[in-house]
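Enquirer: Return atomic coordinates for the entry below.
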Amino acid sequence: MVISCCAVGCTNRQGHKPGISFYRIPKNPERRRQWIAAINRKSWEPTALSRLCSEHFLNVFAHTKSPQKRKAITNLNNFQRREAMKKRKRQEGEHRQAAKQLSMDKDTLSIGLQDDGHEDGIADEDAVIGDCQASLSSSVMCQTEMSSEDISSLLFECQQLQKENTELKEKIRCLDLFEQNSFENKDEKVKALTGLPNFQVLMAVFSFMKPSLSNMSNLTCFQQLMLTFLKLKLNVSFTFLSYLIGAHTSTVSKVFTNVINILNERLVPVSVVWPERENVQISLPMCFRKSFKRCMAIIDCFEINTEKPKDLKARAQTYSQYKSHNTMKYLIGITPQGVISFISKGWVGGQLTGISL
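Expert: Have a look, this model is predicted:
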């Protein structure tokens, strides 16, 4: 029989339109009276086959299961809950029974040992322990049926894996730019990344600087020094160095500033020294002896670019019209032999000319 809607003027039938549900007239007297008043059909009484489609409801709602189905589902849930509770109680009872049996066996064993006497009890206890160890060893032997050749093969494979692991770790250390092992016997790499001529000079500088350095933010002293040399030689950004070494950008900036100050305090006083005139005259190059016999130093003024200061006054003072950039000026003196003998303090690039400096 085809189910159709009982509303006046509605032609909806089951299967005619997708997404339409049909609902029975409620059996509850109060709800049934409200439904009949809403349908508003004169001299009409619904039968057991009367249905009302979902298009006549104010809000479209999901299909509600019949009371019989809801009751069956509730009964099923209650049954499953009771079965789970029975199973849990049964397991708890089994555990209590096993614990009680174990306690009784232990008491029986102790009573038997006391009846036999102290020495006999010790002997029996040792015998029981020996039997347990024998049974345990036999079970272990049954579980691991391996010959001496299998054991030797496993030991050899383990040694090979350990050796391979050690070699891989060594290769990783050599590939790391901030590890000391990666620069050994590689003078070209040292010169390209730090500007120093060879590895021996690099280690000499590091040995001289190490007492003033300390581990900072999980970076070793050598890593801090190499980070500073890379920044000075290649002028890479702090962001690039942070990705390269695996640290935050602010940490890299702090390390660089700290090491630069230490380099200035430790290296400048011992490396930039004004020489005695006699020492310069003794080793004066031949090209100077003819025309510049009394030359002590060749001076020059140079500018280096700086970051733009946040303070407006400092930004105006350091801005150089000639360089179109914020700069600092320095006066440098070099002996005829090519050794730096003097470096002045820094001056703002926007106020002094080279001649004034």
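Enquirer: Could you use CA atoms for every contact and neighbour count after this?
Expert: Noted.
Enquirer: isn't there a helix covering residue 269?
Expert: Yes: assessed with DSSP: H, G, I helix; E, B strand; the rest coil, residue 269 lies in a helix.
Enquirer: tell me, how many neighbours does it end up with?
Expert: Residue 269: 10 surrounding residues under other CA atoms under 10 Å.
Enquirer: so where is the stretch 151-300 of the chain shaky, pLDDT-wise?
Expert: Along the stretch 151-300 of the chain, the model assigns pLDDT under 70 to residues 170-177.
Enquirer: so what are the domain limits for the protein?
Expert: Taking automatic domain parsing as the reference, the chain has its domains at 1-64, 76-136, 175-271, 287-348.
Enquirer: Including distance to residue 148, could the ones you listed go into CSV?
Expert: Formatted as CSV, those follow (distance: least, CA to CA, whole Å):
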stretch, distance to residue 148
domain 1-64, 71
domain 76-136, 21
domain 175-271, 41
domain 287-348, 71
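Enquirer: Looking at these, which is nearest to residue 281?
Expert: When the domains of the chain are compared by CA to CA, domain 287-348 sits nearest residue 281, at 7.7 Å.
Enquirer: end to end, how far does the closest one reach?
Expert: Taking CA to CA, to the nearest Å, the first and last residues of domain 287-348 lie 36 Å apart.
Enquirer: any idea how far it is from the chain center?
Expert: 45 Å (CA atoms, centre = their mean, to the nearest Å).
Enquirer: residue ranges of the strands in the stretch 1-150 of the chain, please?
Expert: Using DSSP state E, counting those that start in this stretch, the strands of the stretch 1-150 of the chain run over residues 22-24, 51-53.
Enquirer: Could you check stretch 48-55 and say which residues are buried?
Expert: Going by neighbour count (16 or more other CA atoms under 10 Å), the buried part of stretch 48-55 is 50, 51, 52, 53, 54.
Enquirer: cool, and stretch 289-298?
Expert: 296, 297.
Enquirer: Need the residues that contact it.
Expert: 277, 280, 281, 288, 333, 334, 335, 336, 341 (CA atoms under 8 Å, 6 or more residues apart in numbering).
Enquirer: So the fifth one: helix, strand or coil?
Expert: Assigned by three-state DSSP, the conformation of residue 333 is strand.
Enquirer: Number of residues surrounding it?
Expert: 20.
Enquirer: try the fourth one
Expert: Residue 288 has 14 neighbours, counted by other CA under 10 Å.
Enquirer: isn't residue 13 right up against residue 5?
Expert: Yes: using CA atoms under 8 Å, residue 13 makes contact with residue 5 at a distance of 6.4 Å.
Enquirer: Compare these two (neighbour count), which wins?
Expert: Applying other CA under 10 Å to residue 13 and residue 5 shows that residue 5 carries more neighbours, namely 21 against 17.
Enquirer: The more buried one is in contact with residue 54, isn't it?
Expert: No: Residue 5 is not in contact with residue 54 according to CA under 8 Å; the separation is 9.2 Å.
Enquirer: can you list residues touching both of those two?
Expert: Residues within reach of residue 5 and of residue 54 at once, by CA under 8 Å, 6+ apart, are residue 22.
Enquirer: The chain: helices as residue ranges?
Expert: Along the chain, the segments classed as helices by DSSP state H run 29-39, 67-116, 118-143, 148-175, 187-194, 199-209, 221-234, 238-245, 249-266, 268-271, 277-282, 286-289, 312-318.
Enquirer: what sits against residue 309?
Expert: Neighbour list for residue 309: residue 315 [criterion: CA under 8 Å, 6+ apart].
Enquirer: quick one: pLDDT of it?
Expert: pLDDT, residue 309: 86.
Enquirer: okay, the buried residues of stretch 48-55 in JSON lines with pLDDT and distance to residue 207 next?
Expert: Formatted as JSON lines, the buried residues of stretch 48-55 follow (pLDDT from 0 to 100; distance: CA to CA, whole Å):
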{"residue": "50", "pLDDT": "89", "distance to residue 207": "100"}
{"residue": "51", "pLDDT": "89", "distance to residue 207": "96"}
{"residue": "52", "pLDDT": "89", "distance to residue 207": "94"}
{"residue": "53", "pLDDT": "88", "distance to residue 207": "92"}
{"residue": "54", "pLDDT": "84", "distance to residue 207": "88"}
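Enquirer: could you dump those to a markdown table with distance to residue 316?
Expert: Compiled in a markdown table, the buried residues of stretch 48-55 are given as follows (distance: CA to CA, whole Å):
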| residue | distance to residue 316 |
| --- | --- |
| 50 | 92 |
| 51 | 88 |
| 52 | 85 |
| 53 | 82 |
| 54 | 78 |
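Enquirer: Tell me the one of those nearest residue 229?
Expert: Nearest to residue 229 among the buried residues of stretch 48-55: residue 54, at 79.1 Å, using CA to CA.
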